[in-house]
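Enquirer: Quick one, what's the 3D model for this:
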Amino acid sequence: MAKKAVRKLKMTIMGGAANPAPPIGPALGQAKVNIGEFVTRFNAGTQAMKGQLVPVVVSIYEDRTFDLKFKAPPATNLILKAAGKEKGSGKSGSEKIGSISKKALREMAEKKMQDLNANTVEAAERILAGSARSMGIEVK
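Expert: You can find the predicted model right below:
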């Protein structure tokens, strides 16, 4: 019989760098989760994503066990990293701050496909291109 999830927490944490300090510790403490076990499992699961923000959904069950579901990094972070910029344009309609290639856009779309509301990679590319455009980044 499947366990019943009592609570779900959604957090965005730097990959491979979870620690029991706020805001992670208090959020998990309120849900009565073993914080040390969470930190160990999260850091082990995100070793390949060090230095990137990683969204995670924590499903907490009645017996205080939990499951982690990792998602792809946020689209804005992927776009900024590909463009080599720290932040987007303040005036996205008139000021372009950089560009990314269609090849890089396709790689991002394939990476984010499971998290986006798109049926094809081309649709995912259009979603990400719109995000890039709103940040002042051109797709060439």
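Enquirer: Let's check: the centremost residue of this protein is which one?
Expert: Nearest residue to the geometric centre of the chain (Cα atoms, centre = their mean): residue 73, 2.8 Å.
Enquirer: show me what contacts that one?
Expert: Taking Cβ atoms under 8 Å, 6 or more residues apart in numbering, we find residue 73 in contact with 15, 49, 52-55. Using the backbone N, CA and C atoms, a C-beta is placed for each residue, glycine as well.
Enquirer: Which members of those are positioned in helices?
Expert: In helices, judged by DSSP state H, none of those are found.
Enquirer: got a winner among those for most neighbours?
Expert: Highest neighbour count within the contacts of residue 73: residue 54, with 24 neighbours (other Cβ atoms under 10 Å).
Enquirer: is it true that that one touches residue 68?
Expert: No. Using Cβ atoms under 8 Å, residue 54 makes no contact with residue 68, being 10.1 Å away.
Enquirer: Backbone dihedrals for the residue lying closest to residue 47 once chain neighbours are set aside, please?
Expert: Nearest residue to residue 47 in three dimensions, chain neighbours excluded: residue 16, at 5.4 Å (Cβ to Cβ, 6 or more residues apart in numbering). Dihedral pair for residue 16: phi 70, psi 10, per degrees, to the nearest 10.
Enquirer: what's around residue 16, how many residues?
Expert: There are 17 residues near residue 16, going by other Cβ under 10 Å.
Enquirer: Which stretches in this structure count as helices?
Expert: Counting by DSSP H, the helices of the chain are 24-30, 35-45, 75-83, 102-112, 121-134.
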